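1. Quick one, structure for this:
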Amino acid sequence: MDWKIERIRDRCTTCSQPFQHDQRVVSVIEIDLSDRIVRRDLCSSCGSTPTARSVWWEARFEIPTQKKRRVDFNRLLRIFEAWQPSPPKNQEALLYLITLLLVRKRFLRLVDLVSEGGREFLRLRRPGPAERTFLAPAPLLAPADLPALRARLEELIDGSFEEDEMPTSPDAAAAAV
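-> From the prediction side, this is the model:
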């Protein structure tokens, strides 16, 4: 015999009060008068004494977290390639974060770190049949810079604006004319 037991509810079965995050909840499985399996989730004040015909346990209620976002790495790679020759004004740090993501996910390979004109750059290689190399800026980031950069990166990842709305590098804009 297979039984289908429902998942925990978000409120007490008896008093209908919503459960709070990390609240103690008593879950009871019983056979009702119609011989059906019934689950009841109860707050600590409504928790009942288990009977011989029930199974019970205590747990902590957890508010479900937001699902992870799917990152379109091909889109980030297109942004990287468009911005890499000459990043848009004030977007060098964002390009650096995009670069690090692409290296981490192996869309790009880090060859080495080079200095040119007193600035540091990452020398990168894009593996594949048409192997290409890139120099991407490696600016020094301060902890205070990270919240704004994270928000901007999330905008790119979420796709909250279309690619034709993205700031382009001056070289890419000149080539399009």
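2. From the centre of the protein, point out the most distant residue.
-> Leu33 (46.0 Å; C-alpha atoms, centre = their mean).
3. tell me which element that residue falls in.
-> Of the helices and strands defined by DSSP states H and E, none includes Leu33.
4. Over to Leu77?
-> Assigned by DSSP H and E, Leu77 falls in helix 73-83.
5. and that helix, C-alpha only, in CSV?
-> Listed next in CSV are the C-alpha coordinates belonging to helix 73-83 (Å, rounded to 0.1, in the frame of the first residue of the first chain):
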residue,chain,number,x,y,z
PHE,A,73,26.7,32.5,-19.5
ASN,A,74,26.6,32.8,-23.3
ARG,A,75,25.0,36.2,-22.8
LEU,A,76,27.8,37.2,-20.3
LEU,A,77,30.4,35.9,-22.8
ARG,A,78,28.8,38.1,-25.6
ILE,A,79,29.0,41.1,-23.2
PHE,A,80,32.6,40.3,-22.3
GLU,A,81,33.6,40.1,-26.0
ALA,A,82,31.8,43.4,-26.8
TRP,A,83,33.2,45.3,-23.8
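6. Which strands or helices does that helix pack on?
-> On a contact count with 3 or more C-beta pairs under 8 Å, 6 or more residues apart in numbering; DSSP states H and E, helix 73-83 meets helix 92-104, helix 146-158. Any C-beta I mention is one placed from the backbone N, CA and C, and that applies to glycine too.
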